[in-house]
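1. quick one: sequence and predicted model below, then my questions.
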Amino acid sequence: AQTVTQSQPEMSVQEAETVTLSCTYDTSESDYYLFWYKQPPSRQMILVIRQEAYKQQNATENRFSVNFQKAAKSFSLKISDSQLGDAAMYFCAYRRDTGRRALTFGSGTRLQVQP
Amino acid sequence: DTAVSQTPKYLVTQMGNDKSIKCEQNLGHDTMYWYKQDSKKFLKIMFSYNNKELIINETVPNRFSPKSPDKAHLNLHINSLELGDSAVYFCASSQDWDNESGNTIYFGEGSWLTVV
(Lines give C-alpha, C1' and ligand atoms only; values in the text may rest on other atoms or scores of the structure.)
Protein backbone atom coordinates (compact mmCIF):
# COMPACT_ATOMS: atom_id res chain seq x y z
CA ALA A 1 0.00 0.00 0.00
CA GLN A 2 1.14 3.52 -0.69
CA THR A 3 2.04 5.78 2.21
CA VAL A 4 2.78 9.49 2.35
CA THR A 5 4.84 11.01 5.15
CA GLN A 6 5.08 14.65 6.14
CA SER A 7 7.62 14.82 8.93
CA GLN A 8 7.08 18.48 9.85
CA PRO A 9 3.86 18.96 11.83
CA GLU A 10 4.47 22.73 11.98
CA MET A 11 6.64 25.23 10.17
CA SER A 12 7.06 28.97 10.53
CA VAL A 13 8.36 31.53 8.06
CA GLN A 14 8.79 35.28 8.02
CA GLU A 15 6.79 37.24 5.48
CA ALA A 16 8.70 37.60 2.19
CA GLU A 17 11.04 34.74 3.07
CA THR A 18 11.21 31.25 1.52
CA VAL A 19 10.11 28.03 3.17
CA THR A 20 10.29 24.38 2.11
CA LEU A 21 7.81 21.73 3.22
CA SER A 22 8.94 18.11 3.07
CA CYS A 23 7.10 15.06 1.80
CA THR A 24 8.21 11.52 1.18
CA TYR A 25 6.17 8.64 -0.15
CA ASP A 26 6.42 4.93 -0.60
CA THR A 27 5.24 3.13 -3.71
CA SER A 28 6.19 0.30 -6.01
CA GLU A 29 4.49 1.98 -8.96
CA SER A 30 6.43 3.75 -11.70
CA ASP A 31 3.64 6.00 -12.94
CA TYR A 32 1.70 8.17 -10.52
CA TYR A 33 0.78 11.74 -9.63
CA LEU A 34 1.76 13.90 -6.70
CA PHE A 35 -0.07 16.93 -5.37
CA TRP A 36 0.14 19.63 -2.77
CA TYR A 37 -3.16 20.89 -1.39
CA LYS A 38 -3.63 23.92 0.85
CA GLN A 39 -6.29 24.00 3.54
CA PRO A 40 -6.87 27.44 5.10
CA PRO A 41 -9.00 27.87 8.24
CA SER A 42 -12.10 27.83 6.02
CA ARG A 43 -11.33 24.10 5.57
CA GLN A 44 -11.60 24.22 1.78
CA MET A 45 -9.07 22.00 -0.01
CA ILE A 46 -7.28 24.06 -2.64
CA LEU A 47 -4.93 22.56 -5.20
CA VAL A 48 -1.54 24.26 -5.06
CA ILE A 49 0.53 22.28 -7.52
CA ARG A 50 0.72 18.86 -9.18
CA GLN A 51 3.50 16.73 -10.63
CA GLU A 52 3.32 13.82 -13.03
CA ALA A 53 5.91 11.19 -12.12
CA TYR A 54 6.88 10.64 -15.76
CA LYS A 55 7.95 14.27 -16.08
CA GLN A 56 11.49 15.03 -15.02
CA GLN A 57 10.95 18.78 -14.93
CA ASN A 58 9.83 20.15 -11.58
CA ALA A 59 6.41 21.80 -11.60
CA THR A 60 6.11 25.52 -10.89
CA GLU A 61 3.08 27.69 -10.20
CA ASN A 62 3.99 31.34 -9.57
CA ARG A 63 5.60 31.45 -6.08
CA PHE A 64 5.17 27.71 -5.57
CA SER A 65 7.58 25.12 -6.89
CA VAL A 66 8.42 21.53 -6.13
CA ASN A 67 11.60 19.51 -5.89
CA PHE A 68 10.65 16.09 -7.19
CA GLN A 69 13.24 13.39 -6.60
CA LYS A 70 11.74 10.19 -8.01
CA ALA A 71 14.53 7.85 -6.97
CA ALA A 72 14.47 9.18 -3.43
CA LYS A 73 10.64 9.28 -3.44
CA SER A 74 10.72 12.83 -2.23
CA PHE A 75 8.37 15.68 -3.18
CA SER A 76 9.03 18.93 -1.34
CA LEU A 77 7.15 22.21 -1.79
CA LYS A 78 8.98 25.52 -1.86
CA ILE A 79 7.07 28.71 -1.21
CA SER A 80 8.94 31.86 -2.22
CA ASP A 81 8.16 35.39 -1.06
CA SER A 82 5.81 34.05 1.61
CA GLN A 83 2.64 36.02 2.20
CA LEU A 84 0.28 36.16 5.16
CA GLY A 85 -2.35 34.43 3.04
CA ASP A 86 -0.10 31.41 2.69
CA ALA A 87 -0.75 30.48 6.31
CA ALA A 88 -2.64 27.18 6.22
CA MET A 89 -2.35 23.41 6.52
CA TYR A 90 -0.53 21.90 3.57
CA PHE A 91 -1.17 18.33 2.54
CA CYS A 92 0.99 16.23 0.27
CA ALA A 93 -0.95 13.60 -1.67
CA TYR A 94 -0.25 10.65 -3.95
CA ARG A 95 -2.42 9.16 -6.67
CA ARG A 96 -1.81 5.99 -8.63
CA ASP A 97 -2.02 5.94 -12.38
CA THR A 98 -3.95 2.65 -12.54
CA GLY A 99 -6.32 0.63 -10.40
CA ARG A 100 -7.43 2.14 -7.13
CA ARG A 101 -6.96 5.85 -7.78
CA ALA A 102 -8.13 7.68 -4.71
CA LEU A 103 -5.72 10.16 -3.16
CA THR A 104 -3.53 9.05 -0.27
CA PHE A 105 -2.72 12.00 1.96
CA GLY A 106 0.09 12.81 4.34
CA SER A 107 -0.70 14.03 7.85
CA GLY A 108 -0.23 17.68 6.92
CA THR A 109 2.09 20.54 7.85
CA ARG A 110 0.74 23.65 9.50
CA LEU A 111 2.48 26.71 8.09
CA GLN A 112 2.55 29.95 10.06
CA VAL A 113 3.61 33.17 8.40
CA GLN A 114 5.03 35.84 10.70
CA PRO A 115 4.60 39.50 9.73
CA ASP B 1 -20.33 28.88 -10.19
CA THR B 2 -19.19 26.36 -7.60
CA ALA B 3 -17.61 23.34 -9.28
CA VAL B 4 -18.23 20.83 -6.45
CA SER B 5 -20.96 21.86 -4.05
CA GLN B 6 -22.04 20.18 -0.85
CA THR B 7 -25.02 20.75 1.41
CA PRO B 8 -25.32 21.34 4.24
CA LYS B 9 -22.06 23.08 5.10
CA TYR B 10 -22.69 22.75 8.83
CA LEU B 11 -24.80 20.15 10.60
CA VAL B 12 -25.31 19.65 14.32
CA THR B 13 -27.40 16.66 15.28
CA GLN B 14 -28.05 14.31 18.16
CA MET B 15 -26.75 10.80 18.58
CA GLY B 16 -28.96 8.19 17.01
CA ASN B 17 -30.31 10.44 14.27
CA ASP B 18 -30.09 9.74 10.55
CA LYS B 19 -28.70 12.45 8.29
CA SER B 20 -27.70 12.97 4.66
CA ILE B 21 -25.11 15.13 2.95
CA LYS B 22 -25.64 15.95 -0.70
CA CYS B 23 -22.99 16.60 -3.33
CA GLU B 24 -23.20 17.84 -6.89
CA GLN B 25 -20.47 18.60 -9.42
CA ASN B 26 -20.90 20.63 -12.60
CA LEU B 27 -17.49 19.81 -14.05
CA GLY B 28 -18.70 16.92 -16.19
CA HIS B 29 -16.43 14.55 -14.28
CA ASP B 30 -17.12 10.84 -14.25
CA THR B 31 -15.68 9.95 -10.84
CA MET B 32 -16.80 11.20 -7.43
CA TYR B 33 -15.52 10.58 -3.91
CA TRP B 34 -16.30 11.00 -0.24
CA TYR B 35 -13.41 11.73 2.10
CA LYS B 36 -13.49 12.08 5.87
CA GLN B 37 -11.27 14.48 7.81
CA ASP B 38 -11.10 13.69 11.50
CA SER B 39 -10.33 15.96 14.43
CA LYS B 40 -6.60 15.51 13.87
CA LYS B 41 -7.00 16.76 10.30
CA PHE B 42 -6.21 13.36 8.80
CA LEU B 43 -7.94 12.83 5.43
CA LYS B 44 -9.07 9.40 4.36
CA ILE B 45 -11.03 8.04 1.43
CA MET B 46 -14.40 6.49 2.23
CA PHE B 47 -16.08 5.81 -1.11
CA SER B 48 -15.64 6.38 -4.81
CA TYR B 49 -18.07 6.10 -7.69
CA ASN B 50 -17.34 6.02 -11.39
CA ASN B 51 -20.33 6.63 -13.65
CA LYS B 52 -22.71 5.66 -10.83
CA GLU B 53 -20.80 2.45 -10.09
CA LEU B 54 -19.17 1.93 -6.69
CA ILE B 55 -15.44 1.35 -7.22
CA ILE B 56 -13.92 2.08 -3.82
CA ASN B 57 -15.53 1.07 -0.55
CA GLU B 58 -13.16 1.46 2.36
CA THR B 59 -13.67 -0.16 5.71
CA VAL B 60 -16.33 2.12 7.11
CA PRO B 61 -19.33 1.15 9.26
CA ASN B 62 -22.29 0.03 7.20
CA ARG B 63 -24.22 2.88 8.81
CA PHE B 64 -22.65 4.93 6.03
CA SER B 65 -24.31 4.43 2.66
CA PRO B 66 -23.42 6.38 -0.47
CA LYS B 67 -25.86 6.81 -3.31
CA SER B 68 -25.17 8.09 -6.81
CA PRO B 69 -28.37 8.79 -8.79
CA ASP B 70 -26.31 10.02 -11.73
CA LYS B 71 -22.67 10.77 -12.39
CA ALA B 72 -23.03 14.41 -11.30
CA HIS B 73 -24.38 13.56 -7.85
CA LEU B 74 -23.07 11.56 -4.93
CA ASN B 75 -24.93 11.65 -1.63
CA LEU B 76 -23.89 10.25 1.72
CA HIS B 77 -26.46 8.92 4.15
CA ILE B 78 -25.51 8.13 7.74
CA ASN B 79 -27.74 6.08 10.03
CA SER B 80 -27.72 6.00 13.82
CA LEU B 81 -25.14 8.75 14.19
CA GLU B 82 -22.46 8.32 16.87
CA LEU B 83 -20.19 10.83 18.59
CA GLY B 84 -17.22 9.47 16.65
CA ASP B 85 -18.86 10.39 13.36
CA SER B 86 -18.14 14.05 14.09
CA ALA B 87 -15.81 15.18 11.31
CA VAL B 88 -15.59 17.19 8.14
CA TYR B 89 -16.82 15.24 5.13
CA PHE B 90 -15.48 16.24 1.74
CA CYS B 91 -17.01 15.43 -1.59
CA ALA B 92 -14.66 15.46 -4.57
CA SER B 93 -14.60 14.68 -8.26
CA SER B 94 -12.18 13.96 -11.08
CA GLN B 95 -12.11 13.26 -14.79
CA ASP B 96 -9.70 10.44 -15.11
CA TRP B 97 -7.42 9.94 -18.08
CA ASP B 98 -7.75 13.61 -18.90
CA ASN B 99 -4.35 15.07 -19.63
CA GLU B 100 -5.62 18.62 -19.35
CA SER B 101 -6.80 18.29 -15.76
CA GLY B 102 -3.74 16.24 -14.92
CA ASN B 103 -5.85 13.65 -13.19
CA THR B 104 -6.52 16.15 -10.43
CA ILE B 105 -9.18 15.59 -7.80
CA TYR B 106 -11.25 18.69 -7.04
CA PHE B 107 -12.85 19.14 -3.64
CA GLY B 108 -16.04 20.68 -2.36
CA GLU B 109 -15.98 23.05 0.61
CA GLY B 110 -16.68 20.31 3.12
CA SER B 111 -19.61 19.52 5.40
CA TRP B 112 -18.85 19.94 9.09
CA LEU B 113 -20.83 17.35 11.02
CA THR B 114 -21.08 17.60 14.81
CA VAL B 115 -22.84 14.85 16.73
CA VAL B 116 -23.89 15.76 20.27
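-> Perfect, I can see it now.

2. contacts only, for A:S107.
-> A:T5, A:Q6, A:P9, B:K40, B:K41, B:F42 (Cβ atoms under 8 Å, 6 or more residues apart in numbering or on different chains). Where C-beta positions appear, they are placed from N, C-alpha and C, glycine not excepted.

3. do B:G84 as well
-> Neighbouring residues of B:G84 by Cβ under 8 Å, 6+ apart: B:V115.

4. now it: how far from chain A?
-> 19 Å (Cβ to the nearest Cβ, to the nearest Å).

5. which SS class is that residue?
-> Counting by DSSP: H, G, I helix; E, B strand; the rest coil, the backbone at B:G84 sits in helix.

6. picking that back up, out of the contacts of A:S107, which is nearest to B:N26?
-> Relative to B:N26, the closest of these is B:K41; by Cβ to Cβ it sits at 27.9 Å.

7. count the neighbours of the residue nearest to that closest one when sequence neighbours are not counted for me.
-> Excluding its sequence neighbours, the residue lying closest to B:K41 (Cβ to Cβ, 6 or more residues apart in numbering or on different chains) is A:G108, at 5.3 Å. Neighbours of A:G108 under the rule other Cβ atoms under 10 Å in any protein chain shown: 23.

8. state the phi and psi torsions of A:G108.
-> Main-chain torsions, A:G108, degrees, to the nearest 10: phi 90, psi 150.

9. that one against A:F91, yeah?
-> Yes. The pair A:G108 / A:F91 is scored as a contact, 5.0 Å apart, by Cβ atoms under 8 Å.

10. B:L11 contacts B:W112, correct?
-> Yes. If you go by Cβ under 8 Å, B:L11 and B:W112 touch, sitting 7.1 Å apart.

11. neighbour count for these two, which is higher?
-> Between B:L11 and B:W112, B:L11 has the larger neighbour count (other Cβ under 10 Å), namely 19 against 16.

12. separation between the more buried one and B:S80?
-> To B:S80, B:L11 is 15 Å away according to Cβ to Cβ, to the nearest Å.
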